[in-house]
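Visitor: model this:
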Amino acid sequence: MRILVTGAAGFLGSHLTDRLLAEGHTVIGMDNLITGSLQNIRHLENDSRFEFVEHDVSEHIDVAGPIDGIFHFASPASPVDYLELPIQTLKVGALGTHKVLGVAKSKGSRLLLASTSEVYGDPHVHPQPESYWGNVNPIGPRGVYDEAKRFAEAITMAYHRFHGVDTRIIRIFNTYGPRMRPGDGRVVSNFIVQALLGEPLTLYGDGSQSRSFCFVSDLIDGAWRLFERGDADPVNIGNPNEFTIAELAELVLRATGSSSEIRRVPLPTDDPKVRRPDITRARATLDWEPGIDLAVGLEATIEYFTELQSRGELVSPPVLTENDSGKH
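Guide: From the prediction side, this is the model:
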């Protein structure tokens with residue numbers, strides 16, 4: 001197949017591109033590089049089956065020739081990014097999704113939308129099944145990301161129902177692994193970078209809030225299975241094993257051998273207290289569940305950041321305030 005990947009130079013988009021090429025497909029990678037990095041796809045520059053196009057998908061998309069599939073992964077997705085780029089975040093979720101759906105309609109392509117567990121907000125239901133409608137503050141600092149993705153899901157379903165576009169929606173839960181940006185504000189990269197630099201680990205709140213962490217290769221496998229054999233209804237893809245943030249901090253300290261202290265700061269506005277996917281639907285319809293243990297995934301991720309450190313490329317993550325939005 002000839003496949004368009006938006007956000008191809010990002011953390012997830014670059015791993016997805018690798019998987020699609022490994023499956024034997026041709027990939028057009030599109031990214032405006034406001035949060036993505038060419039370094040993530042540098043290893044593909046001599047691959048004749050990969051073409052990179054620098055373009056903002058919120059603007060008109062013109063791709064010559066047939067397109068069999070589209071993976072719409074373009075979007076700022078970390079707290080640092082969507083706090084600094086709130087308008088761009090809303091535009092890529094709304095206008096960008098509209099544009100790629102137009103391409104899918106005109107080309108007769110199947111489209112997979114990368115949505116997020118953030119559509120559930122600060123949930124009153126735990127774990128979160130796809131049937132849960134969520135508890136989202138539309139005007140809070142996190143709303144620019146949460147509502148962009150909720151709108152993206154709505155317009156994707158509208159194109160599916162009204163225009164008959166073949167669509168998929170993946171709700172991505174916390175994912176980690178190599179190619180995360182060292183200063184992107186996500187908890188796994190934050191803790192690892194701070195531990196390697198000997199800085200205090202920033203623990204928001206009392207650390208009792210919980211998350212589940214899915215290694216990137218497991219996530220990409222779920223996305224590919226959903227594209228291949230799924231249907232139009234949303235599917236949670238994430239690891240259902242739940243950890244408190246305090247537990248994660250201790251795991252990172254042990255794995256890195258760091259003597260960093262833990263510094264507690266106030267919890268940012270609208271930060272979810274719990275986050276854990278119900279993956280019953282993914283198991284039943286895709287025969288998918290994650291296979292990589294957190295300790296194993298952390299080891300691979302620490303190795304990546306250690307390599308960045310050896311090249312002098314580690315950046316201390318910012319500390320969010322009570323009025324900021326933090327995605328952990």
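
Visitor: can I assume T202 sits in a helix?
Guide: No. Using DSSP: H, G, I helix; E, B strand; the rest coil, the assignment for T202 is strand, not a helix.

Visitor: Now do the contacts for the nearest residue to G13 once chain neighbours are set aside.
Guide: Nearest residue to G13, sequence neighbours excluded (CB to CB, 6 or more residues apart in numbering): G7, at 4.0 Å. C-betas here are computed from N, CA, C, even on glycine. Residues near G7 by CB atoms under 8 Å, 6 or more residues apart in numbering: G13, M30, D31, G36, H72, F73, A74, S75, A114.

Visitor: and if you look at G238?
Guide: Taking CB under 8 Å, 6+ apart, we find G238 in contact with 117, 171-175, 212, 214, 219, 276-277, 279, 290.

Visitor: residue ranges for the helices of the stretch 1-150 of the chain, please.
Guide: When secondary structure is read from DSSP state H, counting those that start in this stretch, the stretch 1-150 of the chain shows helices at 11-22, 79-84, 86-91, 97-107, 143-163.

Visitor: Quick one, which of those helices gets closest to E307.
Guide: helix 11-22 (15.7 Å; CB to CB).

Visitor: Give the buried residues for the closest one.
Guide: By 16 or more other CB atoms under 10 Å, the buried positions in helix 11-22 come out as F11, L12, G13, S14, H15, L16, T17, D18, R19, L20, L21.

Visitor: Among the contacts of G238, which ones are in helices?
Guide: Among the contacts of G238, the members falling in helices are L219 (criterion: DSSP state H).

Visitor: rewinding a little: weed out the non-buried ones from the contacts of G7.
Guide: Taking 16+ other CB under 10 Å as the criterion, what is buried in these is G13, M30, D31, G36, H72, F73, A74, S75, A114.

Visitor: Can you tell me, leaving aside adjacent residues, what's nearest to E289?
Guide: R283 (5.5 Å).

Visitor: all strands of the stretch 101-250 of the chain, in order?
Guide: When assigned using DSSP state E, counting those that start in this stretch, the strands of the stretch 101-250 of the chain occupy the ranges 110-116, 167-172, 175-176, 201-204, 210-212, 214-215, 235-237, 242-244.

Visitor: For L44, find the nearest of these.
Guide: With CB to CB as the measure, strand 110-116 is the member of the strands of the stretch 101-250 of the chain nearest L44 (19.7 Å).
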